[in-house]
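A.B. asks: Give me a 3D structure for the following:
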Amino acid sequence: MALPQRTKRAGYAIHTLTASGAVMGMLALQSIFNDDVRSALIWLIVSQVLDGLDGPVARKFDVVIHAPRIDGHVLDLVVDYVTCVVVPIAFMIHFKMLPAHFEIALAGLTFMFSALWFARTDLETEDSWFNGFPAAWNLAVPSLYVAHATSTQVAIVIFVLCVSQLTTFQFPHIVKAKWMRNVTLPFGIIYLIDLAYISFSYNNNSGIQLGQVTGSILFSFPIYALGLGAIRTFRMRKSA
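C.D. replies: Coordinates of the predicted model:
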């Protein structure tokens, strides 16, 4: 039975919404090349919001049935690689966040390990936990930048997260992971709001000084996610 044109249009409109994330990535790249830190941070936040919205909307409208000519999963991975990997690495290089002698090596490592992570067959567990760091460089890099992390600190964080991408250390999917979701989801939303506020408040001339509240939230959520992941990983290995 043929599908109604209205449902087909809705399905492809949702795919278009997902694909528009690549445009947000292009705008972020343009801002980087224009030395406009504030706009680059904002466009990265916008792309993250789009990425968080399109999945639930796609599942609600069942785009697999209504728009079958486009593979939403592949489309999402392509857009995510642009916005979560390519743009943040360009940000790191352009704004000299990495040690000069290791800049290309670390950037190349991030590209390579992230590509391998996106191609993992066990990328996500059945109960929506990620195996390895989920290439969320679009959050990690801006957080390190506004926190005024030194190039050495950035290099250490980048290296550790890259290595973790080939491990089974588990990170929670903020929306879908059920265990501790009543804490993880609101905490993750608060973190994103905090990072958005910092991005909008950033001044291209004077930068930004983190307040006690904004700074605490910026650091505490990643620590929480790592701690939760460590507990989850330990439990899974113990029960294996």
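A.B. asks: only C-alpha atoms for contact and neighbour calcs from this point on.
C.D. replies: OK.
A.B. asks: Residue nearest the middle of the chain, spatially speaking?
C.D. replies: Centroid check for the chain by CA atoms, centre = their mean gives Ala136 as the closest residue, at 3.0 Å.
A.B. asks: From Phe171, how far off is that residue?
C.D. replies: To Phe171, Ala136 is 11 Å away according to CA to CA, to the nearest Å.
A.B. asks: if we look at the helix or strand that contains Asn138, which residues are touching it?
C.D. replies: If you go by DSSP states H and E, Asn138 is part of helix 137-146. Helix 137-146 has contacts (CA atoms under 8 Å, 6 or more residues apart in numbering) with 41, 44, 48, 83-85, 87-89, 91-92, 97, 154, 195, 198, 208, 210, 218.
A.B. asks: And stretch 150-163, by the same measure?
C.D. replies: By CA under 8 Å, 6+ apart, stretch 150-163 touches 96-99, 106, 109-110, 113-114, 133, 144.
A.B. asks: That stretch - what's its average pLDDT?
C.D. replies: For stretch 150-163, the mean per-residue pLDDT is 96.
A.B. asks: pull the CA atoms of it into CSV?
C.D. replies: Output in CSV follows, covering the C-alpha atoms of stretch 150-163 (Å, rounded to 0.1, in the frame of the first residue of the first chain):
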residue,chain,number,x,y,z
THR,A,150,47.0,24.7,28.9
SER,A,151,48.2,23.0,25.7
THR,A,152,49.7,20.2,27.8
GLN,A,153,46.4,19.6,29.6
VAL,A,154,44.6,19.6,26.3
ALA,A,155,47.1,17.1,24.8
ILE,A,156,46.7,14.7,27.8
VAL,A,157,42.9,14.8,27.7
ILE,A,158,42.8,14.4,23.9
PHE,A,159,45.2,11.4,24.0
VAL,A,160,43.4,9.6,26.8
LEU,A,161,40.0,10.1,25.2
CYS,A,162,41.4,8.9,21.8
VAL,A,163,42.8,5.7,23.3
